[in-house]
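Q: Turn this into a structure:
(2 chains)
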Amino acid sequence: MSTNAQRIIAEAFTPGSGKSVKLAALERAFRVLSPATAKLALSEVCLTYRTEGGQRLLALDRIDLQVRAGEFLCVVGPSGCGKSTLLHLVAGLQSPTSGRILVDGQPVDGPGTDRILIFQEHGLFPWLTAGENVEFGMKMKGIPKAERREKARHYLRLVHLTKFENSYIHQLSGGMRQRIAIARALATEPDVLLMDEPFAALDAQTRDLLHDELERIWSDTGRTIVFVTHNVREAVRLGDRVVLLTFRPGRVKSEFPVTLPRPRHLEDPDVAAAARHVLDELREEINRSLEAEYSTGVKPRIEPGASE
Amino acid sequence: MKRTLRYFVFYGLLFGVWILLAKLKIWPPYLFPTPWGVAEELRGGFTDHTYWIAIAVSMKRVLIGYLISVVLGMILGLGVSSSKFLEETMGGLLVSLQSLPSICWWPLALLWFGLSQNAILFVVIMGSLLSVTLAMDDGRKQMPKIFGQAGRNLGAKGFKLFWYVLLPASLPFIVSGLKQGWAFAWRSLITAEMLYMSLGLGQVLMMARDFNNMSAVVAVMLVIIALGFVVDRFVFKATERHLQHKWGVAATS
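A: Numbering: from 1, shown residues only, chains lettered A, B, ... in the order given. Next up, the predicted model:
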């Protein structure tokens, strides 16, 4: 039992406190103890790789994470902390070495269309048109063509790309491709969207625009989103909560609830201030990753106060 | 424009040298065919339909053999690429078998299938099967992993995953192997036809040889080269360009 739950239960049974306080505490304890109440629950998830040399490398170390239904969770960490791997595990494309991943209380067993992953490199199929890409998940489910087409149009409208239904992927810009990827993911009507640095390769203006669109789509559709990024500002701008992972092996280092009012903007002073807070902790991990990388030579350090 | 000019200059020169050598009459015409002799043979061959029939027969054979080896090769290649055991065991065998000219199968093919179309088909298939298999195996490895992941993620599995995702995703990477397979099939066919007399371009060429008509031999050779060029340029090159453009892969050849 987690110490957190123990503390809450102890609180519930503290003599003298009011009935409503006790009830509320019990309810919270229940929520903490029962993974079924979370949309997505990872407990003690570990992943070890076997390297080329036959060594075992611990990539993820006892990850405990709960995501509420409809929550926008951002995961940040230095490159190589295993944050993308974490998404692949949740998506069911890889299996953890140990630990459990539950979606709605059910263990994850392989890929499922209730969890759709959006890749940094969008992963759209170049042999299909934008519309056919959006239809793909429905086609695999065996939904008839007419219905598929209509639904695909709906999601294309949602990302403002109706006009490009019949364009092939190579005819679209980077930002458009990422929007098609979002439409394709939404079209399978997943409960959970897993986004793996989806905007990292885009220019600043396009990214700002897509932040707004994603926030709008999220609040319109009420999906649960797990969003991985290395950009702290982006995480704070989008997330209800930011989880920071440590550098190799990836562990949950700390969590930061973000209570700033929405809609937010990347340039908001509040966002910047909150990001600074996260960044101070992230910096330690980045330094560790740099040291690991340059362990044979000079050790550059990022000093506190340096710009992002 | 410049390119076309270069083509014209190059082939013009080549042709010029041929005419010059023929005019100089260093060798008798039955040893060194003249351009006008070859042209006369080409005209004759096409007007009396000999070449047309031969082309039709040869193309039909090579198409059937090639299609069979594409289907078989894709299945084999997929098997090899998806199993580590097969990769390690059969992979080496395939590569070493590829160094064997497929006409070496001719004696066995004759025993197994008799002096028939099937013997020729067998040799053609053996000629291109390995190229296609290796190309498929290689293509699966070169193909970006993201397509398979995205496909599985969107609910594709088993045959659907192969048909709708893995196969189209690997196309740009296997098309050059398919082209090579075609070239091998074509060569194997002509060789087999030269050994087995029954229509086809190979036989027309051997007949010309039997009549000691070197102009006709060269004429048939030109027809074979032209067919190879047309298929390469208008089927494979065009497909390759189209795919690479669409897939966003930088053109390599």
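
Q: Spit out the contact partners of the residue in chain B that chain A sits nearest to.
A: Of the residues in chain B, the one nearest chain A is B:Ala150, at a distance of 3.7 Å by C-beta to the nearest C-beta. For the C-beta atoms, the positions are set from N, CA and C on the backbone; glycine is no exception. B:Ala150 makes contacts with A:117, A:119, A:123-125, B:165, as judged by C-beta atoms under 8 Å, 6 or more residues apart in numbering or on different chains.

Q: let's see it at 6 Å
A: With contacts defined as C-beta atoms under 6 Å, 6 or more residues apart in numbering or on different chains, the neighbours of B:Ala150 are A:Gly123.

Q: ok, now B:Leu154?
A: Neighbours of B:Leu154 in contact, by C-beta under 6 Å, 6+ apart: A:136-137, A:140.

Q: ok, for it, nearest residue in space, not its chain neighbours?
A: Once its chain neighbours are removed from consideration, B:Leu154 has its nearest residue in A:Gly137; the separation is 4.1 Å (C-beta to C-beta, 6 or more residues apart in numbering or on different chains).

Q: B:Val57 now?
A: On the basis of C-beta to C-beta, 6+ apart, the spatially nearest residue to B:Val57 that is not a chain neighbour turns out to be B:Leu199, at 4.3 Å.

Q: Show me the shaky parts of the stretch 151-253 of chain B.
A: Of all residues in the stretch 151-253 of chain B, those with pLDDT under 70 make up the ranges B:197, B:248-253.

Q: returning to that earlier point: correct me if wrong, but the residue of chain B closest to chain A is in a helix.
A: Yes - when classified by DSSP: H, G, I helix; E, B strand; the rest coil, B:Ala150 is found to be part of a helix.

Q: now A:Gly99: how far from B:Leu227?
A: When distances are taken as C-beta to C-beta, to the nearest Å, A:Gly99 and B:Leu227 turn out to be 62 Å apart.

Q: now swap in B:Lys25 and tell me
A: For B:Lys25, the distance to B:Leu227 equals 32 Å [C-beta to C-beta].

Q: How about A:Gly53?
A: A:Gly53 sits 53 Å away from B:Leu227, taking C-beta to C-beta as the criterion.

Q: The two: who's more crowded?
A: Between A:Gly53 and B:Leu227, B:Leu227 has the larger neighbour count (other C-beta atoms under 10 Å in any protein chain shown), namely 17 against 6.

Q: What is the helix or strand where that one lies packed up against?
A: Per DSSP states H and E: B:Leu227 is located in helix B:214-231. In this structure, helix B:214-231 packs against helix B:35-47, helix B:200-210, with contacts taken as 3 or more C-beta pairs under 6 Å, 6 or more residues apart in numbering or on different chains; DSSP states H and E.

Q: Which of the helices or strands spans the residue of chain A found nearest chain B?
A: For chain A, the residue closest to chain B is A:Gly123, as judged by C-beta to the nearest C-beta, at 3.7 Å. Here A:Gly123, judged by DSSP H and E, is contained in no helix and no strand.

Q: so it touches B:Lys145, yeah?
A: No - taking C-beta atoms under 6 Å as the definition, A:Gly123 is not a contact partner of B:Lys145, at 9.6 Å.

Q: more neighbours, these two?
A: Neighbour tally, A:Gly123 and B:Lys145, criterion other C-beta under 10 Å: the higher count belongs to A:Gly123, 23 against 11.

Q: mind checking pLDDT for the residue lying closest to the more buried one once chain neighbours are set aside?
A: With C-beta to C-beta, 6+ apart as the measure, B:Ala150 is the residue that lies nearest to A:Gly123, at 3.7 Å, once sequence neighbours are left out. Reported pLDDT at B:Ala150 in the predicted model: 89.

Q: just the strands in chain B please.
A: With DSSP state E applied, chain B shows no strands anywhere along its length.

Q: Residues of it that sit close to chain A?
A: By C-beta under 6 Å from any C-beta of the partner chain, the residues of chain B that approach chain A are B:146, B:149-150, B:152-156, B:168, B:246-248.

Q: Looking at those residues, which is nearest B:Thr4?
A: The shortest separation between B:Thr4 and any of the residues of chain B next to chain A is 26.7 Å, and it belongs to B:Lys246 (by C-beta to C-beta).

Q: Scan the chain for its longest helix.
A: Using chain A. helix A:269-293 (DSSP state H).

Q: nope, chain B
A: Assigned via DSSP H, chain B shows its longest helix as helix B:50-82.

Q: Leaving out chain neighbours, which residue sits closest to the residue nearest in space to the middle of chain B?
A: Averaging the C-alpha coordinates of chain B gives a centre point, and the residue nearest to it by C-alpha atoms, centre = their mean is B:Ala183 (2.0 Å). Taking C-beta to C-beta, 6+ apart as the measure, B:Ala183 lies nearest to B:Gly228, with 7.2 Å between them; neighbours along the chain are not counted.

Q: neighbours of that neighbour, just the number please.
A: Residue neighbour count, defined by other C-beta under 10 Å, stands at 15 for B:Gly228.

Q: Kindly report the same for A:Arg157.
A: 11.

Q: for the helix or strand where A:Met138 lies, which positions count as buried?
A: Assigned by DSSP H and E, A:Met138 belongs to helix A:130-141. Neighbour counts over helix A:130-141 (16 or more other C-beta atoms under 10 Å in any protein chain shown) mark A:130-140 as buried.

Q: could you pull out the helices for the stretch 101-250 of chain A?
A: Ranges of helices in the stretch 101-250 of chain A, per DSSP state H, counting those that start in this stretch, are A:130-141, A:145-158, A:174-187, A:204-221, A:232-238.

Q: now the stretch 51-200 of chain B
A: According to DSSP H, counting those that start in this stretch, the stretch 51-200 of chain B carries its helices in the segments B:84-98, B:106-113, B:117-142, B:145-153, B:158-161, B:167-195, B:200-210.

Q: I would like the C-alpha coordinates for the fourth one, written out in CSV, please.
A: When you say that, I think you mean helix B:145-153. Listed next in CSV are the C-alpha coordinates belonging to helix B:145-153 (Å, rounded to 0.1, in the frame of the first residue of the first chain):
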residue,chain,number,x,y,z
LYS,B,145,9.3,0.8,-38.5
ILE,B,146,6.8,3.5,-37.9
PHE,B,147,4.4,2.3,-40.6
GLY,B,148,4.0,-1.1,-38.9
GLN,B,149,3.6,0.5,-35.5
ALA,B,150,1.0,3.0,-36.8
GLY,B,151,-0.9,0.2,-38.5
ARG,B,152,-1.0,-2.1,-35.5
ASN,B,153,-1.9,0.9,-33.4
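
Q: in it, what counts as buried?
A: Applying a neighbour-count criterion of 16+ other C-beta under 10 Å, the buried positions in helix B:145-153 are B:146-153.

Q: That one: how far from the chain's middle?
A: Here the centre of helix B:145-153 is set off from its chain's centre by 33 Å, with C-alpha atoms, centre = their mean, to the nearest Å.

Q: got the angle for it vs helix B:117-142?
A: Orientation note: helix B:145-153 sits at an angle of 90 degrees relative to helix B:117-142 (axes from the mean of the first three to the mean of the last three C-alpha atoms, to 10 degrees).

Q: what inclination does helix B:145-153 have with respect to helix A:130-141?
A: Using the same axes, to 10 degrees, the inter-axis angle of helix B:145-153 relative to helix A:130-141 is 50 degrees.

Q: Enumerate the residues of chain A near chain B.
A: Taking C-beta under 6 Å from any C-beta as the criterion, the contact residues of chain A with chain B come out as A:91, A:93, A:111, A:113, A:117, A:119, A:121, A:123, A:126-127, A:136-137, A:140, A:170.

Q: Going by neighbour count, which of these are buried?
A: Under a neighbour-count criterion of 16+ other C-beta under 10 Å, the subset of the residues of chain A next to chain B counted as buried comprises A:91, A:93, A:111, A:113, A:117, A:119, A:121, A:123, A:126-127, A:136-137, A:140.

Q: how does chain A divide into domains?
A: A:1-33, A:70-95+A:105-114+A:190-308, A:124-189 (automatic domain parsing).
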